[in-house]
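Visitor: kindly return the folded structure for what I paste below:
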Amino acid sequence: MTEERRRRVPRRIREQQIIDVAVRVFSKRGYHAASVDEIAELAGISKPMVYLYLESKEGLFIACLRREADRLVRAFQDAAREAGRPDERLHAGLRAFFAFVAEHRDGWVVLYRQASELSESIAREVALARRAVLSQVAGLVRDGVREEGGDGRVQLREEDADFVAYSLVGAADSLTDWTERHPGQSPDGVALRLMNMVWVGMERVLRGETWSPEHG
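Guide: Here you go, the predicted structure:
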């Protein structure tokens, strides 16, 4: 039996090893400066093997995108599933989101800091990942709206629930930059502050409070 055969690794495991290395290299160097040669060397395989598994540099980048996006959505889902009320589930999900970004900074850089500047096919993958997160958040917001507004006071429309979901996801995205500039901020603390900004305001709207600019 040859040395190569003794060291043969199942395809699924080998692909994950390649993606692990690729995420680090793409995050450090950027898509255009990253080389498949370096990724292959760090992964301990030949360059042709990288292409055999993932077809192209773009295919490798898309594989990184998909895996990191799946990890993020699963982290959000798993955390939310363990909580009780819709607001508690949303808070748990946001906490998991910020923890993911803190613990997988390389993956986050690949997902949202580089991908939007690249090809159309990569942009589509980013859009799919964003929709997956939005779907989770919007579902919890809708549940919370139904629960908080269930006594017939003021009901938010479906469109309003989507508006809140988009606002939350957009704010969470922006706050990842803020947390990088404030490294002492914990995921728990950031998630709590965001919930207080958005959820408390939504509760006031459910009670019939609104703001409008004064004229004249």
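
Visitor: which strands or helices does the stretch of helix or strand Val200 belongs to pack on?
Guide: In this assignment (DSSP states H and E), Val200 forms part of helix 187-206. Packing partners of helix 187-206 (3 or more Cβ pairs under 8 Å, 6 or more residues apart in numbering; DSSP states H and E): helix 86-103, helix 120-148, helix 158-181. For the C-beta atoms, the positions are set from N, CA and C on the backbone; glycine is no exception.

Visitor: least confident of those, on average?
Guide: Mean pLDDT across the helices and strands packed on helix 187-206 is lowest at helix 120-148; the value there is a mean of 76.

Visitor: just checking, which of the helices and strands packed on helix 187-206 sits deepest inside the structure?
Guide: helix 86-103 (a mean of 22; mean count of other Cβ atoms under 10 Å).

Visitor: for Thr210, which of the helices and strands packed on helix 187-206 is the nearest?
Guide: Closest to Thr210 of those is helix 158-181 (Cβ to Cβ; 11.8 Å).

Visitor: helix 120-148 and that closest one, what's the angle between them?
Guide: Per axes from the mean of the first three to the mean of the last three Cα atoms, to 10 degrees, the angle that helix 158-181 makes with helix 120-148 is 120 degrees.

Visitor: other residues contacting helix 158-181?
Guide: Contacts of helix 158-181 from elsewhere in the structure, counted by Cβ atoms under 8 Å, 6 or more residues apart in numbering, are 90, 94, 97-98, 101-102, 108, 112, 130, 133-134, 137-138, 141-142, 145, 156, 185, 190, 194, 197-198, 202.

Visitor: check this structure and tell me which residue is nearest its centre.
Guide: Leu72 (4.7 Å; Cα atoms, centre = their mean).

Visitor: that one: what secondary structure?
Guide: helix (DSSP: H, G, I helix; E, B strand; the rest coil).
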